[in-house]
Structures are given as structure tokens and as C-alpha cells.
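Asks: I would like to see how this sequence folds:
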Amino acid sequence: MNADANAKQTLLFRLLIVAALVCLAVAYVSPIWWVSLKAPQYPEVAFPQGIRIHFHVDKVENGCQIIESAEKTQTERLNCKHEMDAINHYVGMYPIAAGGPVERAFSPFLFSLLGLMIVAFAIPKKGLQVGVVAAGSLGIAVWMTMAMFTKGGVLMLSPNYIGDFVGTMDLDLKDYADWSGFVVIDESYREALGRYFRDMQEIGHRSGIMNAAAKVTYWGILAALAVLSFGVWKWGFTRWVLVIVPALLPVFFVIEYSAWLWWFGHNLHEMAAFTIKPFMPTVFGQGKVAQFSTHSYPHYGFALFAAVGVSMALAGLLELKRTRMAGH
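Replies: Okay, the predicted model is just below:
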């Protein structure tokens, strides 16, 4: 390969890395997926988008907008998160806030880890790469430990996550300012489980499992940071882990989203007003439960996830080509 072709390939590789980092950062604050419920009691003229919510990586957002029409005038948009929870509880489904409590709390650390992996993959010199990964891993570990264990650590979590549980639980700053990240997970999960079904034994059992999952996640991230730091130093194949894991981000999201939908549809509480058989809610497309039609589709944040995946896959192929031509 001549010098010009080599320079163009290097420039393209760097542009792909920058694109992946920008898309990852923007995706973190973007809606990834949306779900809408429609039914005869929510007429099209008053609810043109149905009862709609948006899933982010660190919160669930009200997706309804203020409606302006000849038939109806609103000054404040309907709280569709509350409306959807109210609908779902009639068939025994837990509130939306019961889904992904650990994932949402740990999302800033997981996305920081992904960003670190992308940056590390772009560094050609091994010594610098090892130093950046070690420093980045140490920074994430200290930040995560302080956020999850220390008094007031909650304030080190993402603003979206804080705003979500504060709005859902109707809290003032004085109510949660002293909480650690683990306390927030426990309190918010208990509130979600008990909002409609005050089954204290069940709440205690499920919150115990979730608190254990939170601790496993914490130690799992620490282990991943340690293995990554050691791997870039000692194991050559770790360089490919740096590109494969971020490239699979959209796949990880779909698996996670589908798993939680399965949980909601197969953990219907017996205190419900109506009894229906366990079911798998619609992951993608349109479905129907009783008189409700459900609509579930990717939002633009998922396109950003896909852009991260494509950018990293192409960057990986360029690096593979360069490595083979160099004879490594």
C-alpha cells in the first residue's frame, strides 16, 4: 500500500472512531424505543399517538404531547407513564418503573466503559493504550464505588435517572440527598412493586433478588475493568474485544428489552382486577391484548446504536486489513 492510500485509510479509521463516539454519547440522552397503547376509550382525535412512552437507557419518558384540535384544548400534556401503569395494573402487570432498575442506575458506568473501549481501540501504540485503559478503568471504578456506596452518592448518577425516580416517587431533594446508589435502587424498586399491589412478602422477596443483582452487577463491572486492563497489556486478542463489544450494542439492547418485556408479561400479580394468561408483549411491530392494540418500534436512539455498531465493524475491518498487510 502506498503512502497516500495508507493515509486515506488511517483518516477513514479515525473518522469511524469519532463517529462511533459521537453516536454513543448522543444515544445515551436519546429515546431508544417507543411503545404506544391504543383502545376505543382513547379516540384518535384526542389521543392521536395513543398512550405513548419512550424508553431511554437511564429513564422512561412520557411520550404524549399537548393536543391542539377543534374538539380539545390542553394546557398540560397527559402523563402517559402514569396512564399506561394504570391500564396495565388491571391485568396484574407491574409499573414500568419496575423494569431495568439495575441497568438504568449503572448505565453511566457501562456507557463510559464502552466509550473507553472505543478510544482504546483507536490507539496504535500499546504502551499508551495500556496507560489509557488503566487510567480510564480506575476512574470509572472510583466514580462507580463512590456513587453506589457513599452517602449522597445518588447525585453522581445520571441527571435523567435522578429526574425519573424523583418524578415517579414525587420526592424533594431533602428526601433523597443522603441516599447512595444502592439505596435508590432498593427504594425505587420497592415503590414500583408496591404502587398497586401491597403484597409485602412478595415485595421483600423480589427486592432481595434485585439488590443481589445490583451487587453482582457492581462486582461484574469491576471485574470487567480489571480483565480489560490486564488484557490490553498481556493478551493480544483483547484488541478485538475492544471493537466487538461496542459493535454489538444494538444486539445487547434488543436482548435486554425483550427479556424485560417477557418478565412483565410472565409476572402478572394475582391481585389484578382481571385475570389473563401470561403472555409475551410485542417487542417489534403491532400486537393486541384484550381491546388494546400495542405498537412497539425503535426510536432514533436505536439508529444511533446501529451507527455505533456499523462504525466499529468497519473500523475493525480496516484494522484487520492493516494488520494483515503489516504481516502481524
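Asks: what ranges do the helices span in the chain?
Replies: Using DSSP state H, the helices of the chain run over 3-28, 80-89, 101-122, 126-149, 159-169, 173-176, 181-194, 200-234, 238-247, 249-266, 300-326.
Asks: what's the closest of those helices to residue 59?
Replies: Among the helices of the chain, the nearest to residue 59 by CB to CB is helix 159-169 (3.6 Å). Yep, even glycine has a C-beta here, placed from its N, CA and C like the rest.
Asks: quick one on the thing from earlier: mean pLDDT, mean neighbour count and distance to residue 39 for the helices of the chain - can I get that in a markdown table?
Replies: Below are the helices of the chain laid out as a markdown table (pLDDT from 0 to 100; neighbours: other CB atoms under 10 Å; distance: least, CB to CB, whole Å):
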| stretch | mean pLDDT | mean neighbour count | distance to residue 39 |
| --- | --- | --- | --- |
| helix 3-28 | 93 | 16 | 31 |
| helix 80-89 | 92 | 20 | 8 |
| helix 101-122 | 98 | 21 | 28 |
| helix 126-149 | 97 | 17 | 41 |
| helix 159-169 | 95 | 18 | 23 |
| helix 173-176 | 95 | 12 | 35 |
| helix 181-194 | 96 | 21 | 23 |
| helix 200-234 | 97 | 15 | 28 |
| helix 238-247 | 96 | 20 | 40 |
| helix 249-266 | 97 | 16 | 18 |
| helix 300-326 | 94 | 18 | 26 |
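Asks: I'd say residue 254 and residue 261 touch.
Replies: No - if you go by CB atoms under 8 Å, residue 254 and residue 261 don't touch, sitting 10.5 Å apart.
Asks: quickly list what's touching both of the two.
Replies: residue 283 (CB atoms under 8 Å, 6 or more residues apart in numbering).
Asks: and the helices of the chain as JSON lines, adding distance to residue 272?
Replies: Formatted as JSON lines, those follow (distance: least, CB to CB, whole Å):
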{"stretch": "helix 3-28", "distance to residue 272": "35"}
{"stretch": "helix 80-89", "distance to residue 272": "7"}
{"stretch": "helix 101-122", "distance to residue 272": "22"}
{"stretch": "helix 126-149", "distance to residue 272": "34"}
{"stretch": "helix 159-169", "distance to residue 272": "21"}
{"stretch": "helix 173-176", "distance to residue 272": "30"}
{"stretch": "helix 181-194", "distance to residue 272": "14"}
{"stretch": "helix 200-234", "distance to residue 272": "13"}
{"stretch": "helix 238-247", "distance to residue 272": "40"}
{"stretch": "helix 249-266", "distance to residue 272": "13"}
{"stretch": "helix 300-326", "distance to residue 272": "31"}
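Asks: residue 278: which of the ones you listed is closest?
Replies: Distance to residue 278, taken as CB to CB, is lowest for helix 249-266 among these, at 4.4 Å.
Asks: distance from the chain centre to that closest one, please.
Replies: Distance of helix 249-266 from the chain centroid (CA atoms, centre = their mean, to the nearest Å) equals 11 Å.
Asks: residue nearest the centroid of the protein?
Replies: residue 57 (2.5 Å; CA atoms, centre = their mean).
Asks: which residue packs closest to that one, ignoring adjacent ones?
Replies: Leaving aside its chain neighbours, residue 57 sits nearest to residue 107 (4.7 Å; criterion: CB to CB, 6 or more residues apart in numbering).
Asks: any idea how far the one you found is from residue 27?
Replies: Applying CB to CB, to the nearest Å, the value for residue 107 to residue 27 is 11 Å.
Asks: which neighbours do these two share?
Replies: With CB under 8 Å, 6+ apart, residue 107 and residue 27 have common neighbours residue 57.
Asks: contacts only, for residue 95.
Replies: By CB under 8 Å, 6+ apart, the residues touching residue 95 are 85, 88-89, 192, 195-196.
Asks: also residue 24?
Replies: By CB under 8 Å, 6+ apart, residue 24 lies in contact with 111, 114-115, 118, 246, 249, 304, 308.
Asks: show me what contacts residue 258?
Replies: Residues in contact with residue 258 (CB under 8 Å, 6+ apart) are residue 283.
Asks: the chain should start at 361 in everything you say after this.
Replies: OK, 361 is where the count begins now, so the last one is residue 618.
Asks: how close does it get to residue 611?
Replies: From residue 618 across to residue 611, the span is 11 Å (CB to CB).
Asks: got it, and residue 655?
Replies: For residue 655 relative to residue 611 (CB to CB), the value is 22 Å.
Asks: next one: residue 390
Replies: Computed with CB to CB, the distance linking residue 390 and residue 611 is 18 Å.
Asks: before we move on, what about residue 579?
Replies: For residue 579, the distance to residue 611 (CB to CB) stands at 24 Å.
Asks: the closest residue to residue 531 other than its chain neighbours: what's it in contact with?
Replies: If the residues on either side of it in the chain are set aside, residue 531 comes closest to residue 525, at 7.5 Å by CB to CB, 6+ apart. By CB under 8 Å, 6+ apart, residue 525 lies in contact with 457, 531, 536, 544, 548.
Asks: since that was my last question, I'll sign off now.
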